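Engineer: Would you be able to build a 3D model of this:
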Amino acid sequence: MPGGTHIALFALGGTIAMASSAEGGVVARLTAQDLLTAVGELPTEIRAHDPLAAPSASLSFADVLFVVDQAEAAIVDGAIGVVLTQGTDTLEETAFLIDSVWHAGTPFVVTGAMRNPTVAGPDGPANLLAALQVAAAPAATGRGVLVVFNDEIHAARHVRKAHSTSTATFLSPDLGPLGHVVEGVARFLAEVPARRPLPPVDRARLAGTRVALYTATFDDDGAQLVGLADTHQGLVIAGFGVGHVPGHLVPALTEVAAAMPVVLTSRTGAGAVLADTYGAPGAERDLRSRGIIGGGFVHPYKARVLLRLLVAAGADPDTIAAAFADLG
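Structural biologist: Residues are numbered from 1 along each chain as shown. Here you go, the predicted structure:
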């Protein structure tokens with residue numbers, strides 16, 4: 001094995017890699033090596049990889065897990081850290097997916113940009129440099145997957161995209177950043193407990209596993225729940241507030257919960273669903289009494305990622321509940 005001195009950089013396209021298109025607008029054309037040329041002085045040797053280039057809205061579980069496989073190979077080859085650049089549209093989900101399957105203690109950092117390189121003040125070079133500095137930092141070891149943006153360091157399990165255009169879009173409402181990059185140094189100010197490793201997932205079975213996300217809305221008629229058990233193997237509910245749905249949806253949800261795992265989350269974007277406060281039909285006490293699993297602090301989009309992994313691995317309801325409880 002070569003000496004461990006380099007960082008493996010994987011580029012998947014996205015705003016950070018955009019260039020002007022003859023047809024109008026911008027498209028992902030810059031390679032990982034192109035991105036490095038705009039950074040300036042690098043913290044260590046960087047080995048660039050270009051697995052694919054696609055808008056992050058088009059990425060799949062298979063694409064991201066392919067990068068994980070390549071990252072694991074890079075670690076075997078002596079990499080001391082991994083950085084992934086991609087579009088920000090699905091970054092909170094892909095980072096959480098990687099965090100769910102990344103069992104190495106080696107730092108894995110995800111970043112991107114909100115302002116593409118064709119406009120004044122693109123943020124990509126600064127974000128990439130900060131991500132490389134974090135990946136090279138011994139203090140980042142054993143912290144799971146990190147998201148570095150705007151000189152802030154976030155835990156993948158907590159971070160979310162909170163604004164459509166701001167360069168400060170990534171926030172961790174329930175925790176705040178774990179730390180900051182200050183004068184090129186990763187400075188950690190908070191800790192998060194280590195995640196319990198998920199069961200191994202068969203990739204072919206994962207590809208055939210469908211998990212739906214249902215968002216409760218005002219005056220909801222529940223029509224989208226009809227026939228769900230015939231097409232899906234799991235359901236995440238993004239409920240009102242602390243975990244509520246309209247009372248008249250309870251029979252349909254009870255039927256779904258008898259056929260597949262159902263996880264209750266909050267659509268608010270911050271805070272946990274409750275377990276034992278409200279008792280009206282459709283409130284969290286009622287739903288949990290019907291076998292619906294509390295999602296705790298896991299937000300709906302990430303809950304869908306986690307539930308799909310667990311269902312594909314054949315996890316039973318107790319294992320699923322424990323996996324969500326481990327995240328708060």
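Engineer: What segments of this protein are helices?
Structural biologist: With DSSP state H applied, the chain shows helices at 32-37, 61-76, 91-101, 124-135, 203-207, 228-231, 250-259, 284-289, 300-312, 317-325, listed in chain order.
Engineer: chain center to the longest one, what's the gap?
Structural biologist: Offset of helix 61-76 from its chain centre (CA atoms, centre = their mean, to the nearest Å): 15 Å.
Engineer: my read: Gln86 touches Leu12, true?
Structural biologist: Yes - here Gln86 reaches Leu12: they are 4.1 Å apart, a contact under CB atoms under 8 Å. In short, each C-beta sits where N, CA and C put it, glycine included.
Engineer: So the two - more neighbours on which side?
Structural biologist: Gln86 (31 against 27; other CB atoms under 10 Å).
Engineer: so how far is Val110 from the more buried one?
Structural biologist: Here the criterion is CB to CB, to the nearest Å. By it, Gln86 lies 7 Å from Val110.
Engineer: Look at the closest residue to Arg160 other than its chain neighbours and say how many residues are nearby.
Structural biologist: Of all residues not flanking Arg160 in the chain, Glu92 sits nearest, at 4.9 Å (CB to CB, 6 or more residues apart in numbering). Neighbourhood size, Glu92 [other CB under 10 Å]: 26.
Engineer: Quick check, Glu92 in contact with Pro300.
Structural biologist: No - counting by CB under 8 Å, Pro300 is not a contact partner of Glu92; they are 11.1 Å apart.
Engineer: Overlap in contacts, those two.
Structural biologist: Shared contacts of Glu92 and Pro300 (CB atoms under 8 Å, 6 or more residues apart in numbering): none.
Engineer: list the contacts for the closest residue to Ser266 other than its chain neighbours?
Structural biologist: Among residues not flanking Ser266 along the chain, Val273 sits closest, at 5.2 Å (CB to CB, 6+ apart). Val273 is in contact with 239, 242-243, 264-266, 284, 294-296, counting by CB under 8 Å, 6+ apart.
Engineer: Okay, Val273 and Val263: tell me how far apart.
Structural biologist: For Val273, the distance to Val263 - CB to CB - is 9 Å.
Engineer: Please report how far the residue nearest to Thr165 when sequence neighbours are not counted lies from Ala95.
Structural biologist: Excluding the flanking residues, the one nearest Thr165 by CB to CB, 6+ apart is Met114, at 6.4 Å. According to CB to CB, Met114 and Ala95 sit 16 Å apart.
Engineer: okay, the two: which has more neighbours?
Structural biologist: Ala95 (30 against 22).
Engineer: if you skip the residues just before and after it, what's nearest to the more buried one?
Structural biologist: Per CB to CB, 6+ apart, closest to Ala95 is Ala156, 3.9 Å.
Engineer: At which residues are the strands of the stretch 151-300 of the chain located?
Structural biologist: Taking DSSP state E, counting those that start in this stretch to define them, one finds strands in the stretch 151-300 of the chain at 152-155, 160-161, 170-171, 179-182, 185-188, 211-215, 234-239, 262-266, 293-294.
Engineer: want to throw these into a markdown table with mean pLDDT and mean neighbour count?
Structural biologist: Below are the strands of the stretch 151-300 of the chain laid out as a markdown table (pLDDT from 0 to 100; neighbours: other CB atoms under 10 Å):
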| stretch | mean pLDDT | mean neighbour count |
| --- | --- | --- |
| strand 152-155 | 98 | 24 |
| strand 160-161 | 98 | 20 |
| strand 170-171 | 98 | 24 |
| strand 179-182 | 98 | 18 |
| strand 185-188 | 98 | 17 |
| strand 211-215 | 98 | 18 |
| strand 234-239 | 98 | 27 |
| strand 262-266 | 98 | 28 |
| strand 293-294 | 98 | 23 |
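Engineer: May I see these arranged in a markdown table, with distance to Gly142 as well?
Structural biologist: Putting the strands of the stretch 151-300 of the chain into a markdown table (distance: least, CB to CB, whole Å) gives the following:
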| stretch | distance to Gly142 |
| --- | --- |
| strand 152-155 | 12 |
| strand 160-161 | 23 |
| strand 170-171 | 22 |
| strand 179-182 | 14 |
| strand 185-188 | 11 |
| strand 211-215 | 29 |
| strand 234-239 | 29 |
| strand 262-266 | 28 |
| strand 293-294 | 28 |
